[in-house]
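Novice: task: produce atomic coordinates for the following.
(4 chains)
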Amino acid sequence: MTKIQKILIANRGEIAVRIMRSCREMGIRAAAVYSEADRLSAHVLAADEAYPIGPAAAAQSYLNMDAILEAARKSGADAVHPGYGFFAENADFAQRVEDSGLIFIGPSPQTIRLMGSKTEARKTMMDAGVPVVPGAREALASVEEAQQVIEYLGGFPVLIKAAAGGGGKGMRLVREAKELPRALEAAKGEALKAFGDAAVYVEKFIESPKHIEIQIFADRRGDAVHLWERDCSIQRRHQKVIEECPSAILTPEKRAEMGQVAVQAAKACRYSNAGTVEFLYDREGNFYFLEMNTRLQVEHPVTEMVMGMDLVKLQIRVAEGHPLPFRQEDLRPRGHAIECRINAEDVFNNFVPSTGKISYLKLPEGPGVRVDSGVGLHSEISRFYDPIAAKLVVWAETRPEAIARMKRALGELRIEGIDTTAPFCLRVLDHPEFQQGNFNINFVDRYWQQMQQSLPDEAEAAEIIAAAIAYYRDHQSASTLSPSENANHAPALSPWKTRALKTMR
Amino acid sequence: MTKIQKILIANRGEIAVRIMRSCREMGIRAAAVYSEADRLSAHVLAADEAYPIGPAAAAQSYLNMDAILEAARKSGADAVHPGYGFFAENADFAQRVEDSGLIFIGPSPQTIRLMGSKTEARKTMMDAGVPVVPGAREALASVEEAQQVIEYLGGFPVLIKAAAGGGGKGMRLVREAKELPRALEAAKGEALKAFGDAAVYVEKFIESPKHIEIQIFADRRGDAVHLWERDCSIQRRHQKVIEECPSAILTPEKRAEMGQVAVQAAKACRYSNAGTVEFLYDREGNFYFLEMNTRLQVEHPVTEMVMGMDLVKLQIRVAEGHPLPFRQEDLRPRGHAIECRINAEDVFNNFVPSTGKISYLKLPEGPGVRVDSGVGLHSEISRFYDPIAAKLVVWAETRPEAIARMKRALGELRIEGIDTTAPFCLRVLDHPEFQQGNFNINFVDRYWQQMQQSLPDEAEAAEIIAAAIAYYRDHQSASTLSPSENANHAPALSPWKTRALKTMR
Amino acid sequence: MMKYYLKREDRYEEIDIEGAGGKLRVSANGRHYAVDLVPIDEKRYSVVLDNRAYLVEAEIQKNAVHLLLNQCERVVQVLNPQQKLESEIFGKGEKSHSESEVRAPMPGLILRIEVEAGQEIAAGQPLLVIEAMKMENEIRAASGGAVKEILVQPHQAVERNDILIKIGN
Amino acid sequence: MMKYYLKREDRYEEIDIEGAGGKLRVSANGRHYAVDLVPIDEKRYSVVLDNRAYLVEAEIQKNAVHLLLNQCERVVQVLNPQQKLESEIFGKGEKSHSESEVRAPMPGLILRIEVEAGQEIAAGQPLLVIEAMKMENEIRAASGGAVKEILVQPHQAVERNDILIKIGN
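Specialist: This is a model prediction of the structure:
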C-alpha cells in the first residue's frame, strides 16, 4: 500500500480546485500546472506548488504530454490526477504516467484504451450482456462509407460521435442525408481539437430518451459497487447543464437493475477507481449503454451529497491500493441533490461563450448549498478553455425541496463581468414539466424558446425604482460624484442587454 | 392547520438571514425589522419586506416590543419568528404575539415563562426526574443573601447566573468571597441590559465539565423526539465558539440515556417546537440539567447536517400545527459536523470586539462546507449587537475528516476590515487534546495562552517574498501607481498588528 | 417636487418625485409611493418601496436606467426635465444599429469563412465559424443580401463585437 | 542587481534582487531563489517561489512589509538602498509608543470609571468598563503609577484607540 504524499493535478479550473481541496484535507501536497493564460487562475492560487507548461492554447499546454510529465517529474509528485477532459481519458497519457513510476489516479491504461475506443467498448459491453444502442463500431473513413452504414442501421436520424470523445465534443445529430458531409467534417474537426483524434463513428439515434448514468467505483482487487444514478437529461448541444441524483422517475427495481448492469460493465473491463456508465433511457423504460466515462464526472458532487462521501478522497485511497471501505449493502443514500453548471455563456444569445473578467462575485450560502468554483473576484474567463465557471449544488430531503433550494441559491448567486447560465437554470427549475420529472434530452430544444419570452412581473416596482434612482443620481451633491458622472445622470456604462426576464420570486 | 404566508422575523444578522432562506424555499414571504444602524445589513438586503423599528441601541429597536408588534401588524404577517437572543425567550413577547392573533414560532408563552425562570425550570426538572446542578432557586436580593446561599451549597466556587438569561450574558464565576460584590453587580448589570431583568441566582460550580446539550423537537400534540447531542465545550467567557455533533466521547448508551431524559424534560414542560436541553457532563459521566433554551440555537446547523433536515422549516411546519414528520426510530444521523463561530473579535487582544466595514470577503467552498453569514462585502459591523459575523459549518464522514475539512475551509475564508475568531478556531482544531476529544469548558482558559505563542513556519519564504514585493513596488513604472504610492514603497496603510502566528499548513 | 418622464411604449408619462437623501415620495398614475433608497456600492442600491425590500443593481445610461431586480433584467426609459426638453428639440435621437454588419458575438478564433465577397446569400445561411472555448460556433446571416466585404481571415483572433462581414442589400 | 536589506533581530542582512516585471531572482544567505510575482489586486499577490505557490496579502509601510501568508501574519523589516541610507543618517527612527496612555481597545460606550485623577494604581487594577456588543469589558492598568488625567466620562462613546486615561510614574 502506497501513501501518496504529493499529487500533480493535470488540469485547470473548478475540477483542479476541487481535487486540491481533497488533497489539502488528506495532508497531500497539490501541484498545479498552468498555461500562460492561467497564471492567476483559481487553481494556481489554490495550489501548494505550480508549474508552467506552455502557451494559452490547450494543445500547447494542458494537452502537451511532455510538458505535464516534466512538471510531474520536477515536482516530485508520486501521483497524477487527470480531472475530466484534457488527458483524463487518454490511455497513452495514463501509460506514460505509469512508465514514469507514478500512480495514475484512474483506471489502468488498458481499461481506458478499451473504453476509449467506442467501438471496442460496445463490443465488450455486448459480450458482457449490457444492452447497447444499435450502431456501427468502425471509424468512418468517408461520407460514402457513412451513408452505407446509416442505411444498414435503418436510416436517419443518426448520431456522429467522436471515437475518442465524450462530453458532446465532436458529436453531431444528422436527420437528413444532405446534412451528412458538413456534420462529418465538423465532428472530425472538433474531435481532433478536443481529443487529438479525428476518428468518428455513427449510431442509431434514440428519439427523446433520458440520459441516466450510473456512478460506479471499483478497487484494485476487482470489487465494484454502484453509487446510484444521475439524471443528466437537461442538456444543450449534448452538454449537460443540470444534473440530479437520484432520478425523478427511476423505481428502486429499475435502479437495482441498471446498477447491476453497470457493475457488470465495470467488471467486464477490469475497472478500477471511479467511472460512469452512461445509458439512454427510453420512454418504455429500456436502457442502452451509451459509453463509459473512465474518470470523475463534472457532476460527481450530486452523488457525493446523496451518498455522504468524498469521491476524490475515495479515488486517491483506491489509487493507493486500499480496498473499497464499504460494500453495496452498506451504502446509506439520503435525500436529493441537484447541480447547475454555471457556464460563462450568454443564454439569451444562442449560448455563445461569454468571456471577461469577474468584477463582482457573491456566492450563495446557507443550508444544503455547495459551490465548486474555478473562479474568483478578478478572474479572467478566457476563450481558450471550457466555459464552466462554477458548479452550484444543493441537497435537500426531497426533490421538490431541492428544486426550491436551488432556486433560492441561484437567486443569491451574483457574478458580474460575464454572462452565465444561471438565468437558464432558473427557468428550467421553474418549468412544470421539469418539476414533474417529465423531461428528456430534448427538453431544452423544446421549451427554451418559449421560456425565454416569459414576461417580467414587478414591472411597476421596477419603473418606480428606476425613476427614483434617476432622481437620486441627479440630486446627489456634485461633490460626491466623480466629474464624469455629473450631468444627465451618469454617462453610458457597460451596456446591458435589454431583456424581459421572468422573476423567480 | 394554518398555512403560514408571511413571517415577520424579529431579529437581525445571520439568524434572520438563515430564517429567510427557509422562508424563501417554502414560498413564505419574509418581513425584516431593522434599527437605524441596520438599514444596509444583510438581513434587510435578503428580505422581501422591511420595517424600521427604531434607533441603533437594541433596547430601542430589537428590544422594543411595541415597535416590533406594530411592524408585524403593518406587514400583515401571520407568524413571528424570534430567532435567538432578543425576545426569543421572552414569554411576554410570545404572549403579545399570540394576543395579536399571530403564530409565535416557538413554544407556548407558558413554557417559555416556566423555563425562562431558571428557578422554576429547576423545580420542574427535579420533579420530572431530571438530574440538576445543586443550587438555590431564588433570585438573590443582596450580597449577604448570596453569601448565605453559597455557604449552604458547600462554599465556593459558585456561578452567578441571570434568572432570565442564557448565552453567558449576566453570568459570573466566583471563586472567593471577596469577588462576590463586584461579580453580583456586573452580572445584574449585564442581565438587565441583555434581558431587561436584573434578577440573578447562584448555583454550585461543577469543575471542568463538558457542555453537552440535546436538541429536542416536539409538536403541538405533545409528541417529542431528540435529535442527538451537540458538544459545545469550546467556550470563552461562557460564549460557545466551536460546536460539534455528535460529541467525540458519548457512547450510544449514554446518548440514548441523555436523549431520553431530554425528551422527559420536554414533556414535563409541555414543550412544542425546537428546544435544547443543556447539560454539564462531568468527568465521571454524570450529567446535570443546566437550562433549557426554548428557541433555536446558534449552533443548530451541526444537527441539521448530521440529521439531514432543516430545523427552521420544521419549526414553521410544527407551528402551523403539523405533527412531527418522523418518529425517533426513523432518524438517520450520518457523519460528523463542526461549527466555528466567526465572531468580530480580536483574539490576540483579549477577544475585544472588532468593529469596522468589511472590505474584502472570500467564502470557503467545496464539499461539505456550509456558510451562514450575516454580513457581506461593505457590511458594517457595529458596536451595538452580537459579534457573530458568520458561522462556518462543515460535515464529513468522520470526526477527523470533519476537523481536516474545517481547517481547509478556515484556510479559504478571508474577511478583511474586521478581526475575527478564525485564527482562534484554527488553533483549537490543531490542538492534539481537541483532536482526541480530551477537552472541557476550561479548554480555552487552559491552552489559549500557549496556543497564541506558536511559532510561524515558512519564515524564510516570507522574508524572500517580502523583499521581492518591496523591490517590485519600488520598480513599478511610476505611471501605474497613484501619486501617493510612489516614493519609498507605499505610505503607511492600515496598520496591521505584529503577530507571530502558526500556519495551518 | 420635480417632474420626471417614464417612457411606456410610445408615450411619456409624467411622474412626480420629491425628497432628498434617498427618502423620496413618488407619484405616478395617481398612486403614491414611499421610496427609501440607499446606495451600497457603485452599482447596488437597497430600496425599500412601501416596505417591500429590493436589492437592486442599476446602471444609468443617458435616457434609461438598466435594472437587475429579483434576477430580472429590465431597461426603464426615464428622462429628467432637461432630457425631456432635449428629446423634444432633437427628436428621436440616435439612428438604429446598422443591419448590414455581421459582428462577432464572442471573442474567439476565426476557423473557416464559408462565403466570398460578392456572393449572394440567403437569411440563415452559414457565413463563418468561430472557435471559442473549444466549441465551433457557426455564424449565420440574419437577413439575405450580397456579401460586400469580409474583414477577417481564418486563424485570426477577434474580440466580441468586431465587425466580421458587411452585407449590402 | 540591487541590494536590499532584511532586518533580522538587530542587524541588517544584505539581499540581492534583480529582474523586472515580477520575474525576479533573489539571493540571500548564499541561496538563490526564482520568484514569479503577479499582483491580483491592490493587496493580493500570487507568488511562485521556486515552484512553491503562495497567495499573499501584503501592505507596505515605510520600512516594513506586512504579510499574510498561509493564515500567518508576519511583519518583515526590509529597506531599499535609500531607506538604508536614511536609517543610518537619522538613527533609530520614531520614538516608542508612550506607555503612559491607556487607549480604548475597541469602540464602545464608557460604562463606569473606577479610578480618580491623582489616585495611585497598581498594575492589573481595573480602571474602567467599556460596553461593546452587549458585553462589559474591563480595562486594567498595564503598569502601576498615578492617574494623571481622565479624558472620558461615563456614557461617553469612544472609538478604538481613543486615549482614555493618562498615567504618570
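
Novice: and for A:A37, the neighbour number?
Specialist: 18 (other Cβ atoms under 10 Å in any protein chain shown). Where C-beta positions appear, they are placed from N, C-alpha and C, glycine not excepted.

Novice: next one: C:A34
Specialist: Residues near C:A34, counting by other Cβ under 10 Å, number 13.

Novice: now do C:Q77
Specialist: 15.

Novice: can you check the one 4 residues further on too?
Specialist: C:P81 sits with 12 neighbouring residues when counted by other Cβ under 10 Å.

Novice: which residues touch C:S27?
Specialist: The contact partners of C:S27, taken as Cβ atoms under 8 Å, 6 or more residues apart in numbering or on different chains, are C:15-17, C:33.

Novice: distance check, the nearest residue to A:Y62 once chain neighbours are set aside against B:A57.
Specialist: Closest residue to A:Y62 apart from its sequence neighbours, by Cβ to Cβ, 6 or more residues apart in numbering or on different chains: A:F86 at 4.7 Å. Distance of A:F86 to B:A57, computed by Cβ to Cβ, to the nearest Å: 59 Å.

Novice: low pLDDT regions in chain A?
Specialist: A:137, A:166-167, A:453-456, A:477-505 (pLDDT under 70).

Novice: can you list contacts of stretch A:429-445?
Specialist: A:208-211, A:233-236, A:241-242, A:247-249, A:283, A:399-400, A:403, A:406-407, A:410, A:428, A:447, A:451, A:502, A:504.

Novice: so A:V371 versus chain C, what's the distance?
Specialist: 17 Å (Cβ to the nearest Cβ, to the nearest Å).

Novice: so what's the residue count around that residue?
Specialist: A:V371: 22 neighbours (other Cβ under 10 Å).

Novice: what about C:V26, which SS state?
Specialist: Secondary structure, DSSP: H, G, I helix; E, B strand; the rest coil: C:V26 is strand.

Novice: who is it paired with across the strands?
Specialist: Applying DSSP bridges to C:V26 yields these beta-bridge partners: C:I17, C:Y33.

Novice: give me the more crowded residue out of A:F86 and B:A57.
Specialist: Neighbour count, other Cβ under 10 Å: between A:F86 and B:A57, A:F86 has more, with 22 against 16.

Novice: pull up the pairing partners for the longest strand along chain A, direction included.
Specialist: Ranked by residue count and defined by DSSP state E, the top strand of chain A is strand A:224-236. Applying DSSP bridges, strand A:224-236 is found paired with strand A:210-218 (antiparallel), strand A:239-245 (antiparallel).

Novice: quick one: these as TSV, columns for mean neighbour count too.
Specialist: Output for the strands paired with strand A:224-236, formatted as TSV (neighbours: other Cβ atoms under 10 Å in any protein chain shown):
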stretch	mean neighbour count
strand A:210-218	25
strand A:239-245	25
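
Novice: for residue 158, what are its contacts?
Specialist: Chain wasn't specified; assuming chain A. A:135, A:150, A:173-174, A:202-205.

Novice: wrong chain, I was asking about chain C
Specialist: C:V158 is in contact with C:104, C:107-110, C:130, C:152, C:164, counting by Cβ under 8 Å, 6+ apart.

Novice: tell me the centre residue of the chain?
Specialist: Answering for chain A, as no chain was given. By Cα atoms, centre = their mean, chain A has its centre lying nearest to A:V298, at 3.6 Å.

Novice: try chain C instead
Specialist: Short answer for chain C (Cα atoms, centre = their mean): C:V75, at 7.8 Å.

Novice: give me the element that one is part of.
Specialist: Using DSSP states H and E, the element containing C:V75 is strand C:72-79.

Novice: what is the mean pLDDT for that strand?
Specialist: Strand C:72-79 comes out with an average pLDDT of 88.

Novice: rewinding a little: filter the contacts of C:S27 to the buried ones?
Specialist: C:15, C:17, C:33 (16 or more other Cβ atoms under 10 Å in any protein chain shown).

Novice: residues near the closest residue to chain D within chain C, how many?
Specialist: Residue of chain C nearest chain D, by Cβ to the nearest Cβ: C:D41 (15.3 Å). Residues near C:D41, counting by other Cβ under 10 Å, number 10.

Novice: which strand or helix spans the spatially closest residue to A:E176 that is not a sequence neighbour?
Specialist: Of all residues not flanking A:E176 in the chain, A:F156 sits nearest, at 6.1 Å (Cβ to Cβ, 6+ apart). Under the criterion DSSP H and E, no helix or strand holds A:F156.

Novice: mind pulling up the pLDDT for the residue of chain C closest to chain D?
Specialist: C:D41 is assigned 93 on the pLDDT scale.

Novice: host element of the closest residue to it other than its chain neighbours?
Specialist: In space, and not counting its chain neighbours, C:D41 is closest to B:H378: 5.8 Å by Cβ to Cβ, 6+ apart. Following DSSP H and E, one finds B:H378 outside all helices and strands.

Novice: quick one: B:H378 and B:D38, what's the gap?
Specialist: Using Cβ to Cβ, B:H378 is found at 14 Å from B:D38.

Novice: please say which of those two ends up with more neighbours.
Specialist: A count of neighbours by other Cβ under 10 Å puts B:D38 above the other of B:H378 and B:D38, at 26 against 15.

Novice: ok, that one touching B:A50?
Specialist: No - at 9.4 Å, B:D38 does not count as touching B:A50 under the criterion of Cβ atoms under 8 Å.

Novice: pull up the overlap in contacts between the two.
Specialist: Taking Cβ under 8 Å, 6+ apart as the contact rule, B:D38 and B:A50 both touch B:V44.

Novice: chain A - how does it break down into domains?
Specialist: Listed by automatic domain parsing, the domain ranges of chain A are A:6-105, A:134-204, A:210-453, A:458-504.
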